[in-house]
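Undergrad: Okay, sequence plus prediction incoming.
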Amino acid sequence: MNHLDTFKKQLEIIDQFGVGNAHLAWVMSLYMDHPSALTLGSEGITDGGDDKKIDFIKLDYDLRKIVFAQGYHTSKTVESAPANKASDLNTASAWLISGDTSQVPDNLKSIIEECRTAISENEIDQIELLYVHNLPESVNVSKELDTAAKHLTNSLPNELEITVLYKELGLENTERLYLVQESSIIVQDTIDCPAKIQYQETGPNWTASIMSVPGYWLRDLFLIHGDELFSANYRGFLGVSRRKKINSGIKTTAEKQPQNFWVFNNGITILTTKITKEKSGVKIEGISIINGAQTTGSIGSLDGSIDLNNVKVLARVIECSDHKTIDEIVKYNNTQNKITTWDKFSNDPQQKRIQEEFSNFGHNYSLKRGFDNNSHLGIEVVAQPAIALEGHFQEANGGKNGVFESDKMYRTAFEDKKAKHLLFAYIIARAMDERRNELKRKQSDSSIIELEQKQLVLLRNLRFKYFFISVFGKTLDVVQGKNVDLSQIGFTPNYSKAKNKSLNDLIAEILPVINLVLTYSSTFISEDFGEYIRKENAAKILSDQVKSIIYAQESANPSPVIESFRQILCE
């Protein structure tokens, strides 16, 4: 299969995590549309013994969901993955929701407590249980996952209305995920639609047809294809609950006022590779709903006993096979509302300038969302480190979508910023990932010391990363021995050039100073970090304490580590 061939080439993450965990991290990066399997694995893979059957866990504030998974990887050729690994998610769910955290190892305690806080504070709409493996999917595994999902649903307070989903990501489903990266339209079936074309318009590379499609047809489509219907849609289907009033309204209208649905609803836009007139309607070859995911999902969520014959939905069906035109159609059909993406900035002159600067340094800077095998650097991975470096760790912790939805934060991250500066911010974040991985390895082989264990506990806290980057930024004046402009500080031109220093070289160069500041920082945080970060001016207080030590040491005995660091930065 294509995805297995590609995975075998992921030598960096295989070397970092080992084949089994690397496969889990890589598949999860596909599933979560995450740009870096290395970073995601560093943050989400639990490692160590007594993991409470949680191999991977991720709290996603952007998408208001928790994802946790069991992983299994084998070199043997067998018919299916062991179902007992899927049933282990029952145990994982119990520990996530109600297990005694005093019995949970440090590497899991902080993330479980964060998940529970997010659930209790109504910050979670969805929990996803996944079983990731490299074997064919099976009915037995599906049954175990269904049971685990039902148990978890029953253990959650009803008033929170959290949706619990499950998925087996074996050979077939992972291959589908992989193909989504290569194609805007993942559902390639030929589909009969019982609606006639009322109006048609043509343009360069496209033909658009206007129709009224029946609600039952949309419901059947959703039940058959699920989320794959929205492969070219930025947002996907968000679910139905009282907190999502739009989707609940759609559902209520379809149930209570079906004759008015056509005029109350904005309709949907379908992208297809071909539409053909038939006597009974039209035939569509390949389908993705690029606008109207909430309409489709809400109708699809209605009970099968509800009659949808009188529900009519305005549909615009666009036939197009030109990839560039498809990209533009998708983009402009998803920008009238706030969207959870940063693709709309890909044509921003600032981004074009930054991309050109990176190119001059020999680095590929991606302007597209999601998983990218060809580039580590990109608009979505530099934004949060960039604003955190200037002290905005709360906004960075709010998620990258928040950065792109806030004009102020977007300008902070990118306006007049040089590539060398963004590269520096990104490398700080990567160096922290590397330090976390290093400490996790030491924990696994029981060589970690108490001070390092304290650092690892901090690094496992989701909110610590960007908090520390802010603290690190505030210490740079003492580290550099002069006033520093945190909006411009970056690597020297020579260090920014890929031919001189690879990304891994840069990480290695700054790790000693990161470790120095991290060590001092960890000694001053004597309480639970979740409480510490709530303190007023916490980052300034901590950075002042760290700077005092560095200043005193540099005055008495200058450090070669700091002296070397000073040589690689400029403004």
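TA: Arrived safely, thanks for sending. Numbers count the residues shown, from 1 in each chain.
Undergrad: ok, which stretches of the stretch 301-450 of the chain are helices?
TA: Remark: helices assigned in the stretch 301-450 of the chain by DSSP state H, counting those that start in this stretch are 323-332, 349-361, 379-389, 393-397, 400-405, 407-414, 419-444, 450-460.
Undergrad: What helices and strands are in contact with the helix or strand just after the last one?
TA: Using DSSP states H and E, the helix or strand that follows helix 450-460 towards the C-terminus is helix 464-480. Using 3 or more CB pairs under 8 Å, 6 or more residues apart in numbering; DSSP states H and E, the elements in contact with helix 464-480 are helix 379-389, helix 393-397, helix 419-444, helix 450-460, helix 503-524, helix 538-556, helix 560-566. (Glycine included, C-beta is placed from N, CA and C.)
Undergrad: Pull out the buried residues from the third one.
TA: To tie it back to what came earlier, the one meant is helix 419-444. 419-440, 443 (16 or more other CB atoms under 10 Å).
Undergrad: In TSV: the helices of the stretch 301-450 of the chain, plus distance to residue 18 and mean pLDDT.
TA: Output for these, formatted as TSV (distance: least, CB to CB, whole Å; pLDDT from 0 to 100):
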stretch	distance to residue 18	mean pLDDT
helix 323-332	37	76
helix 349-361	32	94
helix 379-389	24	94
helix 393-397	30	93
helix 400-405	29	83
helix 407-414	35	93
helix 419-444	10	93
helix 450-460	18	91
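Undergrad: So which of the ones you listed is nearest residue 24?
TA: helix 419-444 (14.2 Å; CB to CB).
Undergrad: quick one, that closest one and helix 450-460 angle?
TA: 120 degrees (axes from the mean of the first three to the mean of the last three CA atoms, to 10 degrees).
Undergrad: hmm, back to that, please identify the most buried of the helices of the stretch 301-450 of the chain.
TA: Stretch with highest mean neighbour count among the helices of the stretch 301-450 of the chain: helix 379-389 (a mean of 26; mean count of other CB atoms under 10 Å).
Undergrad: what does that helix contact?
TA: Outside helix 379-389, the residues within contact range by CB atoms under 8 Å, 6 or more residues apart in numbering are 35-36, 39, 342, 345-346, 351, 365-367, 369, 395-396, 400, 403-404, 409-410, 412-414, 417, 421-426, 428-429, 465-467, 469-470, 472-473, 486, 489.
Undergrad: What residues does residue 152 make contact with?
TA: Neighbouring residues of residue 152 by CB under 8 Å, 6+ apart: 93, 97, 127, 129, 164.
Undergrad: Swap in 6 Å and give it another go.
TA: By CB atoms under 6 Å, 6 or more residues apart in numbering, the contact list for residue 152 reads 93, 164.
Undergrad: so after the helix or strand harbouring it, what's the next helix or strand?
TA: Here residue 152 sits within helix 139-155, counting by DSSP H and E. Where DSSP H and E defines the elements, the next helix or strand beyond helix 139-155 is strand 163-169.
Undergrad: contacting residues for residue 141?
TA: 83, 86, 168.
Undergrad: separation between it and residue 168?
TA: 5 Å (CB to CB, to the nearest Å).
Undergrad: Need the helices and strands packed on helix 464-480 in JSON lines (columns: distance to residue 255).
TA: JSON lines is the format used below for the helices and strands packed on helix 464-480 (distance: least, CB to CB, whole Å):
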{"stretch": "helix 379-389", "distance to residue 255": "39"}
{"stretch": "helix 393-397", "distance to residue 255": "39"}
{"stretch": "helix 419-444", "distance to residue 255": "47"}
{"stretch": "helix 450-460", "distance to residue 255": "45"}
{"stretch": "helix 503-524", "distance to residue 255": "54"}
{"stretch": "helix 538-556", "distance to residue 255": "49"}
{"stretch": "helix 560-566", "distance to residue 255": "64"}
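Undergrad: closest to residue 322 out of these?
TA: helix 379-389 (24.3 Å).
Undergrad: Can you list the strands that the host helix or strand of residue 128 pairs with?
TA: Per DSSP H and E: residue 128 is located in strand 126-133. Applying DSSP bridges to the sheet, strand 126-133 is found paired with strand 65-72 (parallel), strand 163-169 (parallel).
Undergrad: how much space between the residue nearest to residue 541 when sequence neighbours are not counted and residue 467?
TA: Leaving aside its chain neighbours, residue 541 sits nearest to residue 535 (7.1 Å; criterion: CB to CB, 6 or more residues apart in numbering). Per CB to CB, residue 535 is found 11 Å from residue 467.
Undergrad: ok, now residue 25?
TA: Counting by CB to CB, the gap from residue 25 to residue 467 is 24 Å.
Undergrad: which of those two has more neighbours?
TA: residue 25 (28 against 23; other CB atoms under 10 Å).
Undergrad: Would you confirm that that one contacts residue 36?
TA: No - look at residue 25 against residue 36 with CB atoms under 6 Å: they stay out of range, at 9.4 Å.
Undergrad: Let me see the domain layout of this protein.
TA: Split into domains by automatic domain parsing, the chain comes to 2-180, 184-332, 343-570.
Undergrad: avg pLDDT for stretch 117-137?
TA: Taken as a whole, stretch 117-137 has a mean pLDDT of 92.
Undergrad: Where is the longest strand in this structure?
TA: strand 281-291 (DSSP state E).
Undergrad: buried sites along it?
TA: 281-282, 284, 286-291.
Undergrad: quick one: the nearest residue to residue 165 once chain neighbours are set aside and residue 294, what's the gap?
TA: Closest residue to residue 165 in three dimensions, ignoring its sequence neighbours and counting by CB to CB, 6+ apart: residue 128, at 4.9 Å. Residue 128 sits 19 Å away from residue 294, taking CB to CB as the criterion.
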